[in-house]
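Q: Just to be clear, the model below is a prediction. Sequence and coordinates:
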Amino acid sequence: MSFFTVDSISLQFGGLKAVDNVSFSVTKGEIFTIIGPNGAGKTSIFNLISRLYDPTSGKLFFEGTDITEVPPHRIAKLGIARTFQNIELFENASMLANLLVGRHCHATTQMWQEMLFLPSVRRAERDHRRKVEEVIEFLDLQAYRDKLIAGLPYGVRKVIEVARALCSEPKLILLDEPSSGLNVEETDDMSFWIRDIRSELGITVLMVEHDMTLVNRVSDRVLALNYGKVLASGTPAEVQAHPDVIAAYLGT
Amino acid sequence: MRFIFKTDYDQDIRILKHSGYWWSYGVLLAVLVAAPSLLGSYLQSQLVFVFIYAIVGVALMILTGFTGQASLGHAAFLAIGAYTAGFMQSIGVPFIVYFPLAAVLTGVVGALVGFPALRLHGIYLVIATIAFAFIVEEVLARWESVTHGNEGMRVRALNLFGQPLPRDSDAFYFLCLLVLVGSVLLALNLLRSPTGRAFVAIRDSETAGKSMGIDLAAYKVKSFAISAAITGMAGVLFAHKMTFISPEMFTLLLSIEFIMVIIIGGAFGVHGAIFGAIFIVMVDPFLTALKDDVPVLVASIADSLGMAPEAAAQLRDKLAKIGSAAGLKGAIYGLIIMMFILFEPYGLYGRWLKVKLFFQLFPLYKRATFKRQKTYVKSERNR
């Protein structure tokens, strides 16, 4: 069984087929990118994987287990973390608090223990903090620890979202347009980080991306979608040379 | 200006972040402990009301301020706590048993109210909680064998280990202070641990919270339950302070007062609940005084400006009539809330922080620091 498999999944909103019988599989340790024009169903696939949507048909397998019926809040614990296209950080909290929420799926303490703040809670908090600090170090976010998200620039928020996803110690990370809204320099940094996430942390990356320079630079394999259907898949060069992909982007 | 050099993770975990806090909160606590021997009985009694309102404020802060679930039903939770105390006392259950029992009972009711909250947002949730409050009010009026209906119920003095604690005693004051400090600590402890962070996450982005592994349903219910349980404890103290409880004491207006506590105090920190409680308890005697004094004052000014004495007397009577009109208090409360939301959205605690920052940064303070920014990137949010 492969690491992560999407098996002929479909998602229908009324008469609209947002995702139409899509299948692909991701091997451990690769960077897999989904591309496609606007409305192709890329983010819908992400929402299906993180279980925010229920698929109309088809199945999802992660490390050999069927996750099609798992409730959304269990997904993080299984080892799948994600970021969002339009940044979904907790605006009125500090960056540190945001990253600690990323640790939530590893929380072991009970509420009554937390109310009394027993020594076990304090110990757990220190451990969470230690993990968070590792991520802060990894993504160079030291300057923002106590800053409120609401006051931070877009580029930094984008990185913080990746950091929050990393704090849950995922095996598979879903990045929804990591470079959207970033300038050239920030996009460069992002591409280095994406490669580091794979090579240093050993996390498999599945991402949705429009910026083809970034896609070419980091991805091992690419899947092109249009109108919810798979157009082509393979290496970045193969997919970009595929006549259907060219037609989808440029028209016939 | 103070720069805190951090060398230890515990510095961020601690409630009192640095030695300055030890001083200021130590002094505050000393003043509160000394207060009964310094203040007259009227002010001491007002202070007890501040404590009770502040306990409810802390409870509502957890639910509305941190979890983002608005509630206009907290008067009902207070009522359940108060009536539990009244009834249990009448059948001879000791305080040490019915005090936690009231908390548990109200907590369970709170959890039940929390279930519809899983599907309701914003204004719809507010309406649901108002409906709940009406149901409780009606039950209290009809269930005469327990509550004595609209006649109301006498509550005897609190009896702790055979020691009576009358409503005006110093011991009762200290009990209320203790419960307040306890619930504040409880709220702060929650805030610095996973549960509290999950609450804040739910407030700011449910979708992201879900993907971070937060079980929205469980945490919303937990938030309702804790908030209700704390309010229930306040209800017990309230019953003993009032010595008489009846259904018409726990109306929508009281729930609105509780919401005011956190809006006026500043709905983003536990401090806000305390500031708000002080404001609300103090505003009532202030309004009463205004009602009596303003007509007389205006008439005497008019008189001295050369108005005919009869006309001045007429003016005084007219103003007195307006002052005693039914529903005026609610209108004034509404006006105060609107003013705060428009001009001081971070409440009194926010103002306090601004003043503090002004002095910390002295010549460098800029007004834009607390300016609210609009976020336009809220599209494609899936609840």
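A: Structure's in. What do you need?
Q: what helices or strands is the longest helix along chain A leaning on?
A: What stands out as the longest helix in chain A, according to DSSP state H, is helix A:119-138. Applying 3 or more CB pairs under 8 Å, 6 or more residues apart in numbering or on different chains; DSSP states H and E, one finds that helix A:119-138 makes contact with helix A:95-102, helix A:111-116, helix A:154-167, helix B:10-13. All C-beta atoms are positioned from the backbone trio N, CA, C, and that covers glycine.
Q: is stretch B:51-60 anywhere near chain A?
A: No. With CB under 8 Å from any CB of the partner chain as the criterion, chain A is not reached by stretch B:51-60; the gap is at least 12.6 Å.
Q: list the buried ones in the longest helix of chain A?
A: Of the residues in helix A:119-138, A:121, A:122, A:124, A:125, A:128, A:129, A:131, A:132, A:133, A:135, A:136, A:138 count as buried by neighbour count, 16 or more other CB atoms under 10 Å in any protein chain shown.
Q: ok, the fifth one - contacts?
A: So the one you mean is residue A:128. A:100, A:103, A:106, A:107, B:194 (CB atoms under 8 Å, 6 or more residues apart in numbering or on different chains).
Q: Look at the last one and report its pLDDT.
A: Same thing as residue B:194. With respect to pLDDT, residue B:194 scores 93.
Q: who wins for proximity to residue A:63 among the helices and strands packed on helix A:119-138?
A: helix A:154-167 (18.0 Å; CB to CB).
Q: Can you tell me what sits against that closest one?
A: Everything outside helix A:154-167 that qualifies as a contact, by CB under 8 Å, 6+ apart, is A:81-84, A:87-89, A:95, A:98-103, A:131-132, A:135-136, A:138-139, A:141, A:144, A:149, A:152, A:173-175, A:178, A:181-183, A:186, A:189-190, A:193, A:197, A:201, A:203, B:212.
Q: buried residues in it?
A: So for helix A:154-167, counting by 16+ other CB under 10 Å, buried means A:155-167.
Q: picking that back up, what pLDDT, on average, does the longest helix of chain A get?
A: On average, helix A:119-138 scores 93.
Q: which of the contacts of helix A:154-167 are buried?
A: A:81-84, A:87-89, A:95, A:98-103, A:131-132, A:135-136, A:138-139, A:141, A:144, A:149, A:152, A:173-175, A:178, A:181-182, A:186, A:190, A:193, A:197, A:201, A:203, B:212.
Q: which residues in the stretch 151-300 of chain B form helices?
A: Assigned by DSSP state H, counting those that start in this stretch, the stretch 151-300 of chain B shows helices spanning B:170-191, B:194-204, B:206-211, B:216-242, B:252-265, B:270-304.
Q: Nearest approach to residue B:93 belongs to which of those?
A: Short answer: helix B:216-242, nearest of those by CB to CB, at 11.7 Å.
Q: Please see if the closest one touches chain A.
A: Yes. Helix B:216-242 lies within reach of chain A by CB under 8 Å from any CB, at B:216, B:222, B:226.
Q: Secondary structure element for residue A:22, which one?
A: Assigned by DSSP states H and E, residue A:22 belongs to strand A:16-26.
Q: So which elements touch that strand?
A: So strand A:16-26, by 3+ CB pairs under 8 Å, 6+ apart, packs with strand A:4-13, helix A:42-49, strand A:57-62, strand A:229-234.
Q: Enumerate the positions of it that are buried.
A: A:17, A:18, A:19, A:20, A:22, A:24, A:26.
Q: re earlier: between the contacts of residue A:128, which is closest to residue B:317?
A: Nearest member of the contacts of residue A:128 to residue B:317, counting by CB to CB, is residue B:194, at 61.7 Å.
Q: And the pLDDT for the closest residue to that closest one other than its chain neighbours?
A: Once flanking residues are discounted, residue B:194 sits nearest to residue A:107: 3.7 Å by CB to CB, 6 or more residues apart in numbering or on different chains. With respect to pLDDT, residue A:107 scores 88.
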